[in-house]
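Mind folding the following:
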Amino acid sequence: MIRASIVLLLLGASLAHAESTPAFPTDDTVTPEETQPEDAVPAENPRATAAIEPITTDDTIRVEKTAPGPASVEAAGVRFELHGYARMPLATQGTPREPYLVDNDYYLSGFAYTRLYEPDWSELFFSAHKGNYKAEFGLFASLYSDYASAKLENQLGIAQASVTAEKFLDHEPLSVQLGVFWDRFGYIEPYDTYVFGRTHQGGVKVAYKLPGGGRIQTGIGIHQAELQQNLGMTPIAHLAGSYPVTDSVTIGAYALRSWTRDRRQLSPIQDGTMYVAGADAKVKLGGERGHIYGAFSFYKMDKVLYLAPALEVMHSTGGRGITENFLGTDSSDDGTGRMYTLAVDAPMKVTEQIGVRAFGMASWVRSEQRDEMDPMINRDRRLYLKWGVEPSYALLPQLRVSARFDRVILDVYDSENSFRVLSPRVTFPLDTWGELFLMYSHYWYGDKIQLRSGQVPLETMPDANVIKLQAQVRW
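Sure, this is the predicted structure:
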């Protein structure tokens, strides 16, 4: 009977066809009630790189909980658990056809990404616990083949596998994780992005619980070379910690370094280095009214074009991503420059029925790619800014209405390179398990906003009206 239960549990999870962005299993993931309003939902990332829940100062650096979750089965002293997330969006321009948008590609949209029209995503985590040890495996995929033509590069299979040892060497505060896994630092849920970064690596991490509720961790890993893309083998190291200053205020600090020294004969790969440093804080509002989260980061980049995607920051994977999205590919000295980012997210509850969420990000870029005559080519001294607000009202426990407004400015000194979006939405919560919702968006574009080159053949203008119907669940 036990074996049959395990098989049925695995089969049920497979049929659920989970989809989002890679995330930690539910036993150590912060629940929606702890970090976000009821209408907040996980985000997507084409390469399985987004998080299920907002990661903030008090849960970015985590020592995993060991309490069994609801989807667990025990056999021969081993506890098996399944956790996952699935997002199933259907969007149309109305003709109907697939909408042409500038803000719906997690990586290629760069700073313009709003996650309003994120694509489908599935993930499934299977773990086995025995005493203080856990083995965990993550499976990720995108594009449901019965609905669309599946692309092999979006079917990621077993993407992660690791072993975690709690109470390492019989020392209660110490834990060690080894294998292929990620860490996520400074997550901004409304934009589904990371201020300090998300790692993509095979490596080791050591975490330690500090007296008073603080945590600190350090680790080192490696991302393999991608020689066809001229990306060298890239190590990544990090040091991060958080500490509750008071019952309502928690602060954190982060330092990361990724680099490559993988020069090869007949290869253009050069030495490159990227540093990330910063701090954040989370302030809980009294009376369970929500919280305010703020983060500031600094990036120093030297020829990062040749870094493999060991680190993802600001919708950019590896050095090539951040070069294309921010530093420029024409004359940035192979991705050399600096970047300063400030982000704020404040989900708040006004009354039992009324809620509001305010959020925003700003990035100041210094790059070697300068052009005083053409602001579209110039990337130096360029200020990116986006902000938004989303009020909501619960008509019934199973019915909520909201309206999200987004303002995105891709160059503060070039006002025509910007757009606005208004997105009213009707949501039907599925208890704490997930939700169904219908959303309509209207876009107002500046004169310089166009589709990316080659995005849609023979088309240059994005659509102004889009409708989306979406279901999403987590377990």
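
Low-confidence bits of the stretch 51-200 of the chain, can you list those?
For the stretch 51-200 of the chain, residues meeting the criterion pLDDT under 70 lie at 51-71.

how about 90 then?
The stretch 51-200 of the chain contains residues with pLDDT under 90 at 51-77, 94-96, 106-107, 119-121, 141-158.

For it, just list every one of the helices.
Read by DSSP state H, counting those that start in this stretch, the stretch 51-200 of the chain holds no helices at all.

Also the stretch 251-400 of the chain?
Remark: helices assigned in the stretch 251-400 of the chain by DSSP H, counting those that start in this stretch are 318-322.

what ranges of it fall below the confidence cut-off?
By pLDDT under 90, the weakly predicted segments of the stretch 251-400 of the chain are 265-266, 286-288, 372.

can you rerun that using 80?
Scanning the stretch 251-400 of the chain for pLDDT under 80 picks out no residues.

and residue 133, how many neighbours does it have?
Using other CB atoms under 10 Å, residue 133 has 14 neighbouring residues. C-beta coordinates here come from the backbone N, C-alpha and C atoms, glycine included.

Next: residue 248.
By other CB under 10 Å, the residues close to residue 248 number 12.

which residue packs closest to residue 338, ignoring adjacent ones?
Sequence neighbours aside, residue 366 is the residue nearest to residue 338 in space, at 4.4 Å (criterion: CB to CB, 6 or more residues apart in numbering).

Please apply the same query to residue 77.
Sequence neighbours aside, residue 130 is the residue nearest to residue 77 in space, at 6.2 Å (criterion: CB to CB, 6+ apart).

Hmm, the residue nearest to residue 338 is touching residue 383, no?
No - counting by CB atoms under 8 Å, residue 383 is not a contact partner of residue 366; they are 10.9 Å apart.

So which of the two has more stuff around it?
Neighbours around residue 366 and residue 383, counted as other CB under 10 Å, are more numerous at residue 366. The numbers are 17 against 14.

Roughly how far does the more buried one sit from residue 298?
As for residue 366, its distance to residue 298 is 11 Å (criterion: CB to CB, to the nearest Å).

What's the first helix or strand after the one helix or strand residue 406 maps to?
Here residue 406 is covered by strand 399-409, with elements defined by DSSP states H and E. Using DSSP H and E, the helix or strand that follows strand 399-409 in sequence is strand 418-430.

so what does that next one touch, helix or strand wise?
The helices and strands touching strand 418-430, judged by 3 or more CB pairs under 8 Å, 6 or more residues apart in numbering; DSSP states H and E, are strand 399-409, strand 434-445.

In the sheet, which strands lie alongside the helix or strand just after the last one, parallel or antiparallel?
Going back to what we said before, that points to strand 434-445. As assigned by DSSP H and E, the chain's next helix or strand after strand 434-445 is strand 465-474. Strand 465-474 sits in its sheet next to strand 78-92 (antiparallel), strand 434-445 (antiparallel), going by DSSP bridges.

Contacts for strand 465-474 next, please.
16, 18, 20, 26, 41-42, 52, 83-94, 99, 101, 116-117, 430, 433-443 (CB atoms under 8 Å, 6 or more residues apart in numbering).

Now it - C-alpha only, PDB.
What follows is strand 465-474, C-alpha atoms only, in PDB (Å, rounded to 0.1, in the frame of the first residue of the first chain):
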ATOM      1  CA  ASN A 465      -5.200  46.000 -26.400                       C
ATOM      2  CA  VAL A 466      -4.600  42.600 -24.900                       C
ATOM      3  CA  ILE A 467      -6.800  40.100 -23.100                       C
ATOM      4  CA  LYS A 468      -5.600  37.300 -20.800                       C
ATOM      5  CA  LEU A 469      -7.300  34.300 -19.100                       C
ATOM      6  CA  GLN A 470      -5.000  32.500 -16.700                       C
ATOM      7  CA  ALA A 471      -5.100  29.700 -14.200                       C
ATOM      8  CA  GLN A 472      -2.300  29.000 -11.700                       C
ATOM      9  CA  VAL A 473      -1.800  26.700  -8.800                       C
ATOM     10  CA  ARG A 474       0.800  25.700  -6.200                       C
END
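
I'd like to know which of the helices and strands packed on strand 418-430 is closest to residue 459.
Counting by CB to CB, residue 459 lies closest to strand 434-445 out of the helices and strands packed on strand 418-430; the figure is 13.7 Å.

the inter-axis angle of that closest one versus strand 399-409?
Interaxial angle of strand 434-445 relative to strand 399-409 (axes from the mean of the first three to the mean of the last three CA atoms, to 10 degrees): 40 degrees.

Go through strand 434-445 and flag the buried ones.
Buried residues in strand 434-445, counting neighbours by 16 or more other CB atoms under 10 Å, are found at 434, 435, 436, 437, 439, 441, 443, 445.

average pLDDT for it?
Average pLDDT, strand 434-445: 96.

Same question for stretch 232-248.
Regarding stretch 232-248, the rounded mean pLDDT is 96.

thinking again about what came up before, select, out of the strands paired with strand 465-474, the one closest to residue 281.
Between residue 281 and the strands paired with strand 465-474, the shortest gap by CB to CB is with strand 78-92, which sits at 27.6 Å.

then that closest one to PDB, C-alphas only?
The C-alpha coordinates for strand 78-92 follow below in PDB (Å, rounded to 0.1, in the frame of the first residue of the first chain):
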ATOM      1  CA  VAL A  78      12.100   8.000   4.500                       C
ATOM      2  CA  ARG A  79       9.600  10.900   3.900                       C
ATOM      3  CA  PHE A  80       8.900  11.600   0.300                       C
ATOM      4  CA  GLU A  81       7.400  15.000  -0.700                       C
ATOM      5  CA  LEU A  82       6.100  16.600  -3.900                       C
ATOM      6  CA  HIS A  83       5.800  20.300  -4.400                       C
ATOM      7  CA  GLY A  84       5.200  22.300  -7.600                       C
ATOM      8  CA  TYR A  85       3.700  25.300  -9.400                       C
ATOM      9  CA  ALA A  86       1.800  25.600 -12.700                       C
ATOM     10  CA  ARG A  87       0.800  28.600 -14.700                       C
ATOM     11  CA  MET A  88      -1.400  28.300 -17.700                       C
ATOM     12  CA  PRO A  89      -2.000  31.700 -19.500                       C
ATOM     13  CA  LEU A  90      -4.000  32.200 -22.600                       C
ATOM     14  CA  ALA A  91      -3.500  35.700 -24.200                       C
ATOM     15  CA  THR A  92      -4.900  37.200 -27.400                       C
END
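
tell me which residues of it are tucked away?
Buried positions in strand 78-92, judged by neighbour count with 16+ other CB under 10 Å: 79, 80, 81, 82, 83, 84, 85, 86, 87, 88, 89, 91.

That concludes my questions; thank you for your assistance.
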